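In: below are the sequence and a predicted model; questions follow.
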Amino acid sequence: MQRDVIELLRQKNEDGLDYLLRYYGPLLKYIIAPILDNEHDCDDCLSKVLFQIWEKIEQFDENRGSWNGWITVIARNTALNYRRNTKRHSSIEEISENTPSPAMTPEETLIKQEQREAVKHAIEQLPPKDRNLFYRKYYYLQSTAQIASELGMTERAVEGKLYRLKKQLRKMLGGGKI
(Lines give C-alpha, C1' and ligand atoms only; values in the text may rest on other atoms or scores of the structure.)
Protein backbone atom coordinates (compact mmCIF):
# COMPACT_ATOMS: atom_id res chain seq x y z
CA MET A 1 0.00 0.00 0.00
CA GLN A 2 2.79 2.43 0.93
CA ARG A 3 4.54 2.06 -2.42
CA ASP A 4 1.20 2.51 -4.22
CA VAL A 5 0.55 5.79 -2.39
CA ILE A 6 4.05 7.05 -3.12
CA GLU A 7 3.78 6.10 -6.80
CA LEU A 8 0.36 7.78 -7.18
CA LEU A 9 1.69 10.93 -5.53
CA ARG A 10 4.77 10.96 -7.77
CA GLN A 11 2.47 10.66 -10.80
CA LYS A 12 0.47 13.61 -9.37
CA ASN A 13 -2.62 11.39 -9.33
CA GLU A 14 -5.19 12.82 -6.91
CA ASP A 15 -6.15 9.31 -5.79
CA GLY A 16 -2.79 9.34 -4.01
CA LEU A 17 -4.04 12.17 -1.79
CA ASP A 18 -7.20 10.21 -0.97
CA TYR A 19 -5.17 7.14 0.02
CA LEU A 20 -2.71 9.32 1.92
CA LEU A 21 -5.52 10.87 3.96
CA ARG A 22 -7.31 7.55 4.50
CA TYR A 23 -4.28 5.47 5.54
CA TYR A 24 -1.91 8.05 6.99
CA GLY A 25 -4.34 10.75 8.15
CA PRO A 26 -4.62 9.30 11.69
CA LEU A 27 -0.82 9.23 12.05
CA LEU A 28 -0.53 12.80 10.80
CA LYS A 29 -3.28 13.99 13.17
CA TYR A 30 -1.51 12.17 16.00
CA ILE A 31 1.61 14.26 15.30
CA ILE A 32 -0.26 17.56 14.78
CA ALA A 33 -2.73 17.42 17.70
CA PRO A 34 -0.29 17.99 20.61
CA ILE A 35 1.21 21.01 18.84
CA LEU A 36 -2.00 22.89 17.96
CA ASP A 37 -4.69 24.06 20.34
CA ASN A 38 -7.99 23.38 18.63
CA GLU A 39 -9.67 21.01 16.18
CA HIS A 40 -10.14 23.66 13.48
CA ASP A 41 -6.41 24.48 13.48
CA CYS A 42 -5.57 20.75 13.36
CA ASP A 43 -7.81 20.21 10.33
CA ASP A 44 -6.44 23.29 8.57
CA CYS A 45 -2.88 22.21 9.31
CA LEU A 46 -3.59 18.67 8.09
CA SER A 47 -4.60 20.17 4.74
CA LYS A 48 -1.33 22.06 4.64
CA VAL A 49 0.60 18.88 5.49
CA LEU A 50 -1.08 16.97 2.66
CA PHE A 51 -0.23 19.80 0.28
CA GLN A 52 3.41 19.79 1.48
CA ILE A 53 3.68 16.04 0.91
CA TRP A 54 2.10 16.45 -2.55
CA GLU A 55 4.56 19.23 -3.42
CA LYS A 56 7.68 17.57 -1.96
CA ILE A 57 7.08 13.93 -2.91
CA GLU A 58 10.03 13.97 -5.32
CA GLN A 59 12.32 14.74 -2.36
CA PHE A 60 11.40 11.48 -0.61
CA ASP A 61 14.27 8.98 -0.81
CA GLU A 62 13.70 5.64 0.90
CA ASN A 63 17.46 5.17 1.13
CA ARG A 64 17.68 8.17 3.47
CA GLY A 65 14.78 7.28 5.76
CA SER A 66 11.41 5.67 6.18
CA TRP A 67 8.18 6.90 4.64
CA ASN A 68 6.53 7.26 8.05
CA GLY A 69 9.52 9.20 9.35
CA TRP A 70 9.48 11.51 6.35
CA ILE A 71 5.77 12.34 6.54
CA THR A 72 5.85 12.79 10.33
CA VAL A 73 8.72 15.28 10.04
CA ILE A 74 6.71 17.23 7.46
CA ALA A 75 3.65 17.11 9.75
CA ARG A 76 5.60 18.25 12.79
CA ASN A 77 7.38 21.10 11.02
CA THR A 78 4.21 22.27 9.30
CA ALA A 79 2.33 22.25 12.64
CA LEU A 80 5.11 24.19 14.38
CA ASN A 81 5.17 26.75 11.56
CA TYR A 82 1.37 26.96 11.66
CA ARG A 83 1.43 27.59 15.43
CA ARG A 84 4.22 30.17 15.07
CA ASN A 85 2.34 32.00 12.30
CA THR A 86 -0.98 32.08 14.16
CA LYS A 87 0.73 33.46 17.27
CA ARG A 88 2.56 36.06 15.21
CA HIS A 89 -0.61 37.22 13.44
CA SER A 90 -2.74 37.24 16.58
CA SER A 91 -0.47 39.68 18.44
CA ILE A 92 0.39 42.37 15.90
CA GLU A 93 1.58 45.54 17.58
CA GLU A 94 3.43 48.72 16.70
CA ILE A 95 7.20 48.25 16.45
CA SER A 96 9.54 51.14 17.09
CA GLU A 97 12.15 52.06 14.47
CA ASN A 98 14.84 51.69 17.16
CA THR A 99 13.96 48.06 17.84
CA PRO A 100 16.94 45.85 16.94
CA SER A 101 16.47 43.22 14.27
CA PRO A 102 15.45 39.82 15.63
CA ALA A 103 17.57 38.14 12.96
CA MET A 104 20.62 36.28 14.23
CA THR A 105 24.10 37.35 13.27
CA PRO A 106 26.19 34.90 11.22
CA GLU A 107 28.17 34.02 14.36
CA GLU A 108 24.99 33.30 16.33
CA THR A 109 23.69 31.17 13.46
CA LEU A 110 26.90 29.13 13.38
CA ILE A 111 26.89 28.63 17.16
CA LYS A 112 23.24 27.51 17.09
CA GLN A 113 24.00 25.07 14.28
CA GLU A 114 26.96 23.61 16.19
CA GLN A 115 24.82 23.28 19.33
CA ARG A 116 22.07 21.49 17.39
CA GLU A 117 24.62 19.06 15.93
CA ALA A 118 26.09 18.37 19.38
CA VAL A 119 22.62 17.71 20.85
CA LYS A 120 21.70 15.49 17.90
CA HIS A 121 24.91 13.50 18.33
CA ALA A 122 24.32 13.14 22.09
CA ILE A 123 20.74 11.94 21.53
CA GLU A 124 21.96 9.38 19.00
CA GLN A 125 24.18 7.92 21.76
CA LEU A 126 21.13 7.13 23.92
CA PRO A 127 19.60 3.65 23.95
CA PRO A 128 16.64 3.36 21.52
CA LYS A 129 13.99 3.32 24.29
CA ASP A 130 15.40 6.49 25.88
CA ARG A 131 15.77 8.18 22.51
CA ASN A 132 12.14 7.34 21.68
CA LEU A 133 10.96 8.79 24.99
CA PHE A 134 13.00 11.96 24.47
CA TYR A 135 11.69 12.45 20.93
CA ARG A 136 8.08 11.90 22.01
CA LYS A 137 8.30 14.60 24.66
CA TYR A 138 10.58 17.22 23.11
CA TYR A 139 10.32 16.64 19.36
CA TYR A 140 6.71 15.56 18.89
CA LEU A 141 5.59 17.61 21.94
CA GLN A 142 3.41 14.85 23.35
CA SER A 143 2.04 15.31 26.86
CA THR A 144 3.47 13.32 29.73
CA ALA A 145 0.04 11.74 30.26
CA GLN A 146 -0.14 10.58 26.63
CA ILE A 147 3.38 9.11 26.75
CA ALA A 148 2.68 7.35 30.04
CA SER A 149 -0.57 5.89 28.73
CA GLU A 150 0.93 4.62 25.49
CA LEU A 151 4.06 3.17 27.11
CA GLY A 152 2.26 1.62 30.08
CA MET A 153 4.07 3.80 32.63
CA THR A 154 2.93 6.22 35.30
CA GLU A 155 3.26 9.94 34.62
CA ARG A 156 5.66 10.20 37.54
CA ALA A 157 7.85 7.45 36.04
CA VAL A 158 7.90 9.27 32.69
CA GLU A 159 8.81 12.57 34.36
CA GLY A 160 11.56 10.88 36.37
CA LYS A 161 12.98 9.17 33.31
CA LEU A 162 12.92 12.44 31.33
CA TYR A 163 14.65 14.23 34.21
CA ARG A 164 17.42 11.61 34.27
CA LEU A 165 17.73 11.72 30.47
CA LYS A 166 18.14 15.51 30.47
CA LYS A 167 20.70 15.23 33.27
CA GLN A 168 22.59 12.57 31.28
CA LEU A 169 22.49 14.69 28.11
CA ARG A 170 23.71 17.77 30.00
CA LYS A 171 26.65 15.73 31.26
CA MET A 172 27.36 14.47 27.73
CA LEU A 173 27.25 18.05 26.43
CA GLY A 174 29.48 19.46 29.12
CA GLY A 175 26.85 20.97 31.41
CA GLY A 176 25.08 23.15 28.82
CA LYS A 177 21.34 23.76 28.53
CA ILE A 178 19.08 21.41 26.62
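Out: That came in fine, so what should we check first?
In: just want the most central residue of the chain.
Out: By Cα atoms, centre = their mean, the mean C-alpha position of the chain lies nearest to Arg76, the distance being 3.3 Å.
In: residues in contact with the host helix or strand of that one: which ones?
Out: For Arg76, the host element (DSSP states H and E) is helix 67-90. With Cβ atoms under 8 Å, 6 or more residues apart in numbering as the test, helix 67-90 has contacts from 2, 6, 24, 27-28, 31-32, 35-36, 41, 44-45, 48-49, 52-53, 56, 60, 139-140. All C-beta atoms are positioned from the backbone trio N, CA, C, and that covers glycine.
In: leaving out the residues flanking it, which one is nearest to Glu7?
Out: Counting by Cβ to Cβ, 6 or more residues apart in numbering, Gly16 is the residue found nearest to Glu7 once chain neighbours are left out, at 7.7 Å.
In: wait, what's in contact with that neighbour?
Out: Applying Cβ under 8 Å, 6+ apart, one finds that Gly16 lies in contact with Val5, Ile6, Glu7, Leu8, Leu9, Trp54.
In: using JSON lines, lay out those together with pLDDT and neighbour count.
Out: What follows is those, written out as JSON lines (pLDDT from 0 to 100; neighbours: other Cβ atoms under 10 Å):
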{"residue": "Val5", "pLDDT": "88", "neighbour count": "22"}
{"residue": "Ile6", "pLDDT": "90", "neighbour count": "19"}
{"residue": "Glu7", "pLDDT": "91", "neighbour count": "12"}
{"residue": "Leu8", "pLDDT": "90", "neighbour count": "18"}
{"residue": "Leu9", "pLDDT": "90", "neighbour count": "23"}
{"residue": "Trp54", "pLDDT": "93", "neighbour count": "14"}
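In: out of those, who's nearest Met153?
Out: Distance to Met153, by Cβ to Cβ, is smallest for Val5 among the contacts of Gly16, at 33.4 Å.
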